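Participant: Compute the structure for the input listed below.
(one chain, ligands or ions: 1)
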Amino acid sequence: MKVLLATEKPFSASAVASIKEVTDKAGYELAKLEKYTEKAQLLEAVADADAIIIRSDKVDAEVLDAAKRLKIVVRAGAGYDNVDLEAATAHGVCVMNTPGQNSNAVAELVFGMLVYGVRGMFNGATGSELMGKRLGILAFGNVGRNVARIAKGFGMEVSAYDAYCPAEAIEAAGVKAAANQAELFATCDIVSLHIPATAETRQSINYDLVNTMPKGAILVNTARKEVIDEAGLLRLMADRTDLKYLTDIKPDADADFRQFEGRYFATPKKMGAQTAEANANAGIAAANQIVGFLRDGINKFQVNK
Ligand code: 3PG
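Facilitator: Numbering: from 1, shown residues only. Model (predicted):
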C-alpha cells in the first residue's frame, strides 16, 4: 500500500517522521509531496496512491480521477471544505478528518492575535486588556471549547452560540449560552469565529451582523475566509473606525483591507494549526486512521458516509 503525504504547507520534520513510523509499522510505503506549487504535481503524485494525507490541499474531481487506486483521503485537521465530498463518494473514496487534533493550537493563536490587537499592534501607545471583556464564541466545537477554556484564564466573560449545540451543553462547560447569533454579536466586545465553511455559513458574517457589535469591537477569524462577506466588512471598516478585524486567513481583498492599518491584521500564511504539537497530533491520527481503515475497515471519522 502506498500512502501519499501531500502538503502544500508541510508538517514539521518530526511529525513527518512520526507519520512514517506508523506507515512503516503497517508495512506501507510513505511518499511525500511537500511545498508543491502546481496542481499538475499533485495529479502526478496521486496516480499510484492508495491513501492520501492532506491539510488544506484541494482534492477535487480532477485529482480523484487521476488517483486510480485511491481508497481513502484523510484531511489531517478539522475542516474538510477543501475536499469535493460528492466526487469522492462517486469515486468510492472514503474521506475522513481528524477532529480535535489541532484545536488547542488554533485556540492559542486566537489569544496571540487578540493580545496583539488590544495592545495596538505593539505600536507603543496605551492599549487595553482582555480581562473583563465580553468574548463571544461562534460555534462551540473543539476549537471553540478550547477558546472558552483559555478565555477564562484571562478573566474574560465568555458566551457562545452554536446552531448545532444545545444551550445546555454550552452552559455545562461553564459558558453563557447566547440565544442566537445576533445576540452574540450585539452583546460581545470580541467575537471569535469557529464555524466551518458551508453553503449555510458562506458570507454569513456580513455588514449588518458585525455592525451590531459594541463600540471598539474586535472580530477575530481563525476559521475560514469564505464565511466573511468581504465587501460588506470592507464597507463597515470604513464606516466604523472603532472596529478591528484580525484574521488567520488572508482575505481575497487583503490589499483593500490593508488601508485600515492598525485595525486590520492578517497572518501571512494560515498559522492556527502550525505548531509541532498540532502537526504531530493530526499527522499521526491521520496515519493511524488510514491503517485502521485499510486493514480493519474502521471508518469512525468518515465525513462522506
Ligand atoms: C483545520 O481545518 O484543521 C485548520 O484550519 C488547519 O488547517 P491547515 O492544516 O491547513 O493549517
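Participant: quick one, strands of this structure?
Facilitator: Remark: strands assigned in the chain by DSSP state E are 2-7, 29-34, 51-54, 72-75, 94-97, 134-138, 157-161, 176-177, 190-193, 218-221, 244-247, 264-266.
Participant: Work out the sheet partners of the shortest one and label each with its direction, please.
Facilitator: When you say that, I think you mean strand 176-177. strand 157-161 (parallel) (DSSP bridges).
Participant: Now do the partner strand: everything it contacts.
Facilitator: Strand 157-161 is contacted from outside by 132-140, 144, 148, 151-152, 170, 175-181, 183-184, 187-188, using CB atoms under 8 Å, 6 or more residues apart in numbering. Every C-beta, even on glycine, is put in place using the N, C-alpha and C of the backbone.
Participant: buried set for it?
Facilitator: Across strand 157-161, burial judged by 16 or more other CB atoms under 10 Å covers 157-161.
Participant: now stretch 221-236
Facilitator: The neighbour-count check on stretch 221-236 (16+ other CB under 10 Å) flags 221-230, 232-234, 236 as buried.
Participant: Looking at these, which one is closest to Ala31?
Facilitator: For the buried residues of stretch 221-236, the closest approach to Ala31 (CB to CB) belongs to Arg224, at 28.7 Å.
Participant: Find the nearest non-adjacent residue to the closest one, please.
Facilitator: Spatial nearest neighbour of Arg224, chain neighbours left out: Ala197 (3.9 Å); criterion: CB to CB, 6 or more residues apart in numbering.
Participant: Return the residues of the stretch 201-305 of the chain in contact with the ligand.
Facilitator: Residues of the stretch 201-305 of the chain lying close to the ligand (CB under 6 Å from any ligand atom) are 270, 272-274.
Participant: Check what pLDDT the residue of the stretch 151-300 of the chain found nearest the ligand gets.
Facilitator: Closest residue of the stretch 151-300 of the chain to the ligand, CB to the nearest ligand atom: Ala273 (3.6 Å). Predicted confidence (pLDDT) at Ala273: the value is 98.
Participant: Grab the nearest non-local neighbour of it.
Facilitator: Asn102 is the one closest to Ala273 (CB to CB, 6+ apart), at 3.8 Å.
Participant: Run a quick check on the one you found versus Ala276, I expect a contact.
Facilitator: No: here Asn102 does not reach Ala276: they are 11.3 Å apart, not a contact under CB atoms under 8 Å.
Participant: Which one's more surrounded, these two?
Facilitator: Neighbour totals were compared for Asn102 and Ala276, and Asn102 leads with 27 against 13 (other CB atoms under 10 Å).
Participant: residues contacting the nearest residue to Ala280 once chain neighbours are set aside?
Facilitator: Counting by CB to CB, 6+ apart, Ala280 lies nearest to Ala15, which is 4.4 Å off, once chain neighbours are set aside. For Ala15, the contacting residues are 276, 279-280, 283-284, by CB under 8 Å, 6+ apart.
Participant: do you know how far Ala15 is from the ligand?
Facilitator: 11 Å (CB to the nearest ligand atom, to the nearest Å).
Participant: ok, and of the buried residues of strand 157-161, which contact the ligand?
Facilitator: Answer for the buried residues of strand 157-161 near the ligand: none qualify (CB under 6 Å from any ligand atom).
Participant: count of neighbours near Glu171?
Facilitator: As a burial measure, Glu171 scores 12 neighbours (other CB under 10 Å).
Participant: which residue packs closest to it, ignoring adjacent ones?
Facilitator: Residue nearest to Glu171 in three dimensions, not counting chain neighbours: Ala177, with 5.3 Å by CB to CB, 6+ apart.
Participant: can you pull the contacts of the one you found?
Facilitator: 159-161, 167-168, 170-171.
Participant: Between those residues, which sits nearest Leu243?
Facilitator: Ser159 (19.1 Å).
Participant: ok, back up a step: distance-wise, check the residue nearest to Ala280 relative to Asn304.
Facilitator: 25 Å (CB to CB, to the nearest Å).
Participant: how many neighbours does Glu86 have?
Facilitator: 10.
Participant: And the one 5 residues further on, by the same measure?
Facilitator: Under the neighbour criterion other CB under 10 Å, His91 is assigned a count of 17.
Participant: which ones are touching the nearest residue to it once chain neighbours are set aside?
Facilitator: Distances taken as CB to CB, 6+ apart put Leu64 closest to His91, at 4.5 Å, once the chain neighbours are dropped. Leu64 makes contact with 70, 84, 87-88, 91, 93 under the criterion CB under 8 Å, 6+ apart.
Participant: Could you save these as a markdown table and add columns showing distance to the ligand?
Facilitator: Formatted as a markdown table, the contacts of Leu64 follow (distance: CB to the nearest ligand atom, whole Å):
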| residue | distance to the ligand |
| --- | --- |
| Leu70 | 20 |
| Asp84 | 16 |
| Ala87 | 19 |
| Ala88 | 17 |
| His91 | 22 |
| Val93 | 19 |
